[in-house]
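S.K.: whatever this is, show me its structure:
(chains A and B)
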Number of protein chains: 2
Amino acid sequence: MTFPREIDTPSVTILLERVQANIDRVQAIVAGAGIRNRPHIKTHKIPAIARMQIQAGAVGLTCQKLSEAEAFIDAGVTDDILITYNIVGRRKLERLMDLSARVKRLAVVADSEAVLRGISEVALERGRVVPFLVECDTGFGRNGVQTPAAAVALAQYAATLPGVRFEGILTFPVGTDAAKVFLTEALALFKQAGIEVPIVSGGGSPALLKIEDFPMLTEYRAGTYVYNDVMMMASGLARLEDCALQVRATVVSRPSPDRAVVDAGSKILTREQYYVKDFGRIVEYPDAVVSNVTEEHGVIDLSRCERKPEIGEVVNIIPNHCCAVSNMVDNVYVLSQGEVVDVLPVAARGAVW
Amino acid sequence: MTFPREIDTPSVTILLERVQANIDRVQAIVAGAGIRNRPHIKTHKIPAIARMQIQAGAVGLTCQKLSEAEAFIDAGVTDDILITYNIVGRRKLERLMDLSARVKRLAVVADSEAVLRGISEVALERGRVVPFLVECDTGFGRNGVQTPAAAVALAQYAATLPGVRFEGILTFPVGTDAAKVFLTEALALFKQAGIEVPIVSGGGSPALLKIEDFPMLTEYRAGTYVYNDVMMMASGLARLEDCALQVRATVVSRPSPDRAVVDAGSKILTREQYYVKDFGRIVEYPDAVVSNVTEEHGVIDLSRCERKPEIGEVVNIIPNHCCAVSNMVDNVYVLSQGEVVDVLPVAARGAVW
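M.R.: Presented below is the predicted three-dimensional model:
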């Protein structure tokens, strides 16, 4: 394979040794807790990296959207995918059935009767049975049934429908007291109702720290840990030297003594902030702060730096949220021991359908 | 041309009649002030829409990055492009010279001697002369010389270098008192120094409202007005019915009476906020608020809505920042009178080099 030995800026680079170490470390944490590891591909969106996760012991993959699953199944990475999204609408349901026919196991989630009816109707037409987990909102305030009783009721409703098979319950993120109470109560109610719950699926990289507190989990979905970022450092699960994704940028302006501007803005760093007020950490200048980003400019506050970068200097930035960053680029440059060893297309970039 | 009559979700749609009306309206504002209009393509990133702007009277285009200019010059849209970015580094400078040889006029900006020296060195090797504007920081806190005197000094420095030609000054955004003071003082200093300033370039869509207060401007660069968005509504320059870009999304969950979740998250709406606290307005539900976005989910607060959407319902969302949204998709669907009439590739999507 041929590729440029030098990388222009701005670009996303991936440090291969760190990716492997992150994969191995989290595989050990999850397996050590007696849980099956089903990493979420939304972070890297790259089949080759999913292969590394499966090689390390993952039982299958998690995708958020149908089009992500299509990209990974096209690449032949795995026979076992969970799509953690309500599939709604005739066209998407037909794609789900097409995809389902191509792999050993394709499961989805549902949090309402309406979603289940849609799946059931098209599954019946196609003579298929789609396994699903009931998505539970254990405090995140996004999708999901609102109570343990509603989870049981939805499983009971599913039993009346052809083409769908209840396989368990799922939440994101796990790791909170509220999640523990919800899952515990739900499992008690399922037991009372005489319904088996083969899968209890938890997710979220930061919550890996608390995995031992969730003995009811049978499966774990984490994504961000593969690269790590400022958010993961803030959560306590990663150190700067665990961050495998960096944005390589060039200083293009030094308008004043305390300000530098780099050629990486929100079109590559994004405006994701999470727990922090700024927009990334600069590896070479730990006292600098990416204080603002506009589309093509990153503004760096140098007021706390003794040493300051010059125009033309290349720096590496750890972004706040690596999953969002890898969605911004067509390719990532893979570095091993400081050398570019591969250029990987981000196969599922922009896969929102 | 063939294209799907139905559009799946999430997608970006463009309302053609509104685009044309926005183009005509701003062309009239700028021309009415006796100023040359040089629209910024960063909003649409689509040659066909730039053609509409030129057809309406624009004198040329503004691009933020070299790779955007390459996409537009490849499409043969115009012979006159201004790249409002410091071009730094040998590889980019060589691309600049290649591009410069292909069009009638390709101008850039500079805010430091270092940037000018880089351009000069490669221009000399290639036997070219690159016109440039001095970028002035009139309060935005990004790139730019910090004082009117520094602008004059940089023009004087340029006069000592081969391969570069001073053509004027530039700021973003114009429209503030500080910008007026800076530009007025700078022009007085240039006059004292006996240096002609053929071009005074102002920019920014919201500042179009104050264009009459800036009689020194000879050229105007605005981008966002072509589509408009929540930010433009907040600035007072656009109404909901002027917003030409919408994100089409499907309701995939109704977890509670006051919450809906749509299939458009930060991967299409982005997390840009600007003047607002939420993440977009829903055309069909004016009392609803997009209260949060994660990568694939948009959470809608329905607490103030009497009528509420059902699972499977399609809604249209006006995003906070349309320029950032059009960078998230490979194609936009062009609607005229409610019908899809075209599918346009976003030619300069992701063009950050």
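
S.K.: ranges for the helices of the stretch 101-250 of chain A?
M.R.: A:113-126, A:148-158, A:177-192, A:230-235 (DSSP state H, counting those that start in this stretch).

S.K.: closest one to chain B among those helices?
M.R.: Nearest to chain B, of all those, is helix A:113-126, at 4.3 Å by C-beta to the nearest C-beta. C-beta: built from backbone N, CA, C; applies to glycine.

S.K.: could you list the residues in contact with the closest one?
M.R.: Contacts of helix A:113-126 from elsewhere in the structure, counted by C-beta atoms under 8 Å, 6 or more residues apart in numbering or on different chains, are A:86-90, A:93-94, A:96-97, A:101, A:108, A:110, A:129-130, A:132, A:154, A:157-158, A:161-164, B:252-253, B:310-312.

S.K.: sort out which of the residues you listed are in strands and list them.
M.R.: Here DSSP state E is the test, and those give A:108, A:110, A:130, A:132, A:164, B:252-253 as lying in strands.

S.K.: surely A:Val164 touches A:Val134?
M.R.: No - between A:Val164 and A:Val134 there is no contact under C-beta atoms under 8 Å: 11.0 Å.

S.K.: shared neighbours of the two, which are they?
M.R.: A:Ala110.

S.K.: name the nearest residue to A:Ser291, ignoring sequence neighbours.
M.R.: Spatial nearest neighbour of A:Ser291, chain neighbours left out: A:Asp301 (4.2 Å); criterion: C-beta to C-beta, 6 or more residues apart in numbering or on different chains.

S.K.: the one you found bridge partners, please.
M.R.: A:Arg259, A:Val289 (DSSP bridges).

S.K.: any idea how far it is from B:Asp278?
M.R.: Between A:Asp301 and B:Asp278 the computed distance is 28 Å (C-beta to C-beta, to the nearest Å).

S.K.: how about the residue nearest to A:Ser291, what does it touch?
M.R.: So A:Asp301 contacts A:258-259, A:288-291 (C-beta under 8 Å, 6+ apart).

S.K.: A:Leu106 reaches A:Val130, doesn't it?
M.R.: Yes - counting by C-beta under 8 Å, A:Leu106 touches A:Val130, with 7.4 Å between them.

S.K.: of the ones in strands among the contacts of helix A:113-126, select the buried ones using a ChimeraX command.
M.R.: Buried subset of those, written as a ChimeraX selection, criterion 16 or more other C-beta atoms under 10 Å in any protein chain shown:
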select /A:108,110,130,132,164 /B:252,253
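
S.K.: let me know the closest of the ones in strands among the contacts of helix A:113-126 to B:Leu61.
M.R.: B:Val252 (39.1 Å; C-beta to C-beta).

S.K.: CA atoms only for stretch A:11-30, dumped as PDB, please.
M.R.: C-alpha atoms of stretch A:11-30 as PDB (Å, rounded to 0.1, in the frame of the first residue of the first chain):
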ATOM      1  CA  SER A  11      -5.700  15.600  10.200                       C
ATOM      2  CA  VAL A  12      -6.700  12.800  12.600                       C
ATOM      3  CA  THR A  13      -4.000  10.500  13.700                       C
ATOM      4  CA  ILE A  14      -4.400   7.200  15.500                       C
ATOM      5  CA  LEU A  15      -1.600   5.800  17.700                       C
ATOM      6  CA  LEU A  16      -1.800   2.100  17.100                       C
ATOM      7  CA  GLU A  17       0.000   0.900  20.200                       C
ATOM      8  CA  ARG A  18      -2.300   2.900  22.400                       C
ATOM      9  CA  VAL A  19      -5.400   1.500  20.500                       C
ATOM     10  CA  GLN A  20      -4.200  -2.000  21.200                       C
ATOM     11  CA  ALA A  21      -3.500  -1.300  24.800                       C
ATOM     12  CA  ASN A  22      -6.900   0.300  25.300                       C
ATOM     13  CA  ILE A  23      -8.600  -2.700  23.700                       C
ATOM     14  CA  ASP A  24      -6.700  -5.200  25.800                       C
ATOM     15  CA  ARG A  25      -7.300  -3.300  29.000                       C
ATOM     16  CA  VAL A  26     -11.000  -3.000  28.600                       C
ATOM     17  CA  GLN A  27     -11.400  -6.500  27.300                       C
ATOM     18  CA  ALA A  28      -9.700  -7.600  30.600                       C
ATOM     19  CA  ILE A  29     -11.900  -5.500  32.700                       C
ATOM     20  CA  VAL A  30     -15.100  -6.700  31.100                       C
END
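
S.K.: mind listing what's buried in that stretch?
M.R.: Counting neighbours by 16+ other C-beta under 10 Å, the buried set in stretch A:11-30 is A:11-16, A:18-20, A:22-23, A:25-27, A:29-30.

S.K.: of those residues, which belong to strands?
M.R.: A:11-15.

S.K.: of those, closest to chain B?
M.R.: A:Ser11 (8.2 Å).

S.K.: between A:Leu106 and A:Val130, what contacts are shared?
M.R.: A:96, A:100.

S.K.: for B:Val334, find the nearest of the helices of the stretch 101-250 of chain A.
M.R.: helix A:113-126 (29.5 Å).

S.K.: about what we covered before: tabulate the ones in strands among the buried residues of stretch A:11-30 (TSV), appending distance to chain B.
M.R.: Converted to TSV, those look like this (distance: C-beta to the nearest C-beta, whole Å):
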residue	distance to chain B
A:Ser11	8
A:Val12	10
A:Thr13	14
A:Ile14	17
A:Leu15	21
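
S.K.: just those now: which is nearest A:Arg142?
M.R.: Looking across these and measuring by C-beta to C-beta, the closest to A:Arg142 is A:Val12, at 27.1 Å.

S.K.: quick one, what contacts the closest one?
M.R.: With C-beta under 8 Å, 6+ apart, A:Val12 has these contacts: A:245-248, A:268, A:325-326, A:328-329, A:331-333.

S.K.: mind checking which of these are buried?
M.R.: A:245-248, A:268, A:325-326, A:328-329, A:332-333.

S.K.: which among the residues you listed gets closest to chain B?
M.R.: Using C-beta to the nearest C-beta, those come closest to chain B at A:Ile268, 5.7 Å.

S.K.: list the buried residues of the helix or strand hosting that closest one.
M.R.: According to DSSP states H and E, A:Ile268 maps onto helix A:266-269. By 16+ other C-beta under 10 Å, the buried positions in helix A:266-269 come out as A:266-269.
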